[in-house]
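return atomic coordinates for the entry below.
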Amino acid sequence: MSDLQTLRFYATPAHDCSYLPGRKAKTLFVDPQARVSDTLYSQLSDLGFRRSGSHIYRPHCDNCNACVSVRIPVNDFKPSKTQRRIWKRNADLRVRARSPQLTIEYYRLYDRYISDRHADGDMYPPSPSQFMSFLVEGKQPCTFYEFRDPDDKLLAVAVTDHLSQGLSALYTFYDTDAEQRSLGTYAILWQIDAAARMGLHYLYLGYWVRDCRKMRYKTAYRPLEMLIADQWVRV
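This is a model prediction of the structure:
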């Protein structure tokens, strides 16, 4: 089993940045052959690493620190008036935990979400193999949290990793026709509440990029902690 002292990392060549047009990026990957325990994965999360399928990574760009890891200290979280309204608006939803898997129901929702919201990104066009490699593959503890309405219609799925110190919100896809519910926000609020109920300390939200419009929502959750110069700083 690997640890932080023996773990090997590999950096990619420069490639187009997914967040900032016209920029080049590099990514640091954990050795895909390494045996990463749950404890080590939790330690890596505190160092700013994320998971995509079976790959554990973090940005490693030359002369750029635009990608900032952020997390919410769930016991200190104070919802805004808007967030409280969204919480109440979705009080009728039921949430069920499921193991990561590809089903027709999941994929239809995912396909519509990517096509409606991310047709301009590198995840378009979606495919079943992309769904598997992005959301299902991987050895770390992960749960698909289903959000269903009173008629049992699937409205959203929050893909969530379980760490020793918190939850990590990997990805959420949802019914874009249910815009009035603000399902993306509600999924984060629910995961904050779930982490607190589990006795955990944080919800990790991945990377915040100041100049990326799609990342701005993350600063709506307060207080927020940012990983700056390898130190978590509350803002």
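
all helices of this structure, in order?
For the chain, the helices defined by DSSP state H cover 38-46, 81-89, 104-117, 128-131, 183-197.

most neighbours per residue, which of those?
Burial of the helices of the chain is given as mean neighbour count (mean count of other Cβ atoms under 10 Å); helix 183-197 ranks first at a mean of 21. Yep, even glycine has a C-beta here, placed from its N, CA and C like the rest.

what is that one packed up against?
Judged by 3 or more Cβ pairs under 8 Å, 6 or more residues apart in numbering; DSSP states H and E, helix 183-197 is in contact with helix 81-89, strand 142-148, strand 154-162, strand 166-174, strand 202-209.

and the contacts of that helix?
With Cβ atoms under 8 Å, 6 or more residues apart in numbering as the test, helix 183-197 has contacts from 72, 74-75, 77, 79, 83, 86-87, 89-90, 93, 95, 145, 147, 155-156, 158, 160, 166-167, 169, 172, 174-175, 201-203, 205, 217, 220-221.

returning to that earlier point: next, format the helices and strands packed on helix 183-197 as CSV and append distance to Arg58.
Below are those laid out as CSV (distance: least, Cβ to Cβ, whole Å):
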stretch, distance to Arg58
helix 81-89, 28
strand 142-148, 18
strand 154-162, 15
strand 166-174, 13
strand 202-209, 8
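
among those, show me which one is buried the most.
A comparison of the helices and strands packed on helix 183-197 by mean neighbour count, using mean count of other Cβ under 10 Å, puts strand 166-174 on top with a mean of 23.

what pairs with that strand, parallel or antiparallel?
Counting by DSSP bridges, the strands paired with strand 166-174 are strand 154-162 (antiparallel), strand 202-209 (parallel).

ok, which of those comes nearest Pro13?
Smallest distance to Pro13 across the strands paired with strand 166-174 (Cβ to Cβ): 20.2 Å, for strand 202-209.

thinking again about what came up before, of all the helices of the chain, which one comes closest to Tyr19?
Closest among those, using Cβ to Cβ: helix 104-117, at 15.6 Å.

restricting to C-alpha, output the closest one in CSV.
Output of helix 104-117 as CSV, limited to C-alpha atoms (Å, rounded to 0.1, in the frame of the first residue of the first chain):
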residue,chain,number,x,y,z
ILE,A,104,-30.6,3.7,-18.6
GLU,A,105,-32.3,6.1,-16.2
TYR,A,106,-29.1,7.6,-15.1
TYR,A,107,-27.7,7.9,-18.5
ARG,A,108,-30.8,9.6,-20.0
LEU,A,109,-30.6,12.2,-17.3
TYR,A,110,-26.8,12.7,-17.7
ASP,A,111,-27.1,12.9,-21.5
ARG,A,112,-29.7,15.6,-21.4
TYR,A,113,-27.8,17.5,-18.7
ILE,A,114,-24.5,17.5,-20.6
SER,A,115,-26.3,18.4,-23.9
ASP,A,116,-28.3,21.2,-22.3
ARG,A,117,-25.6,22.8,-20.0
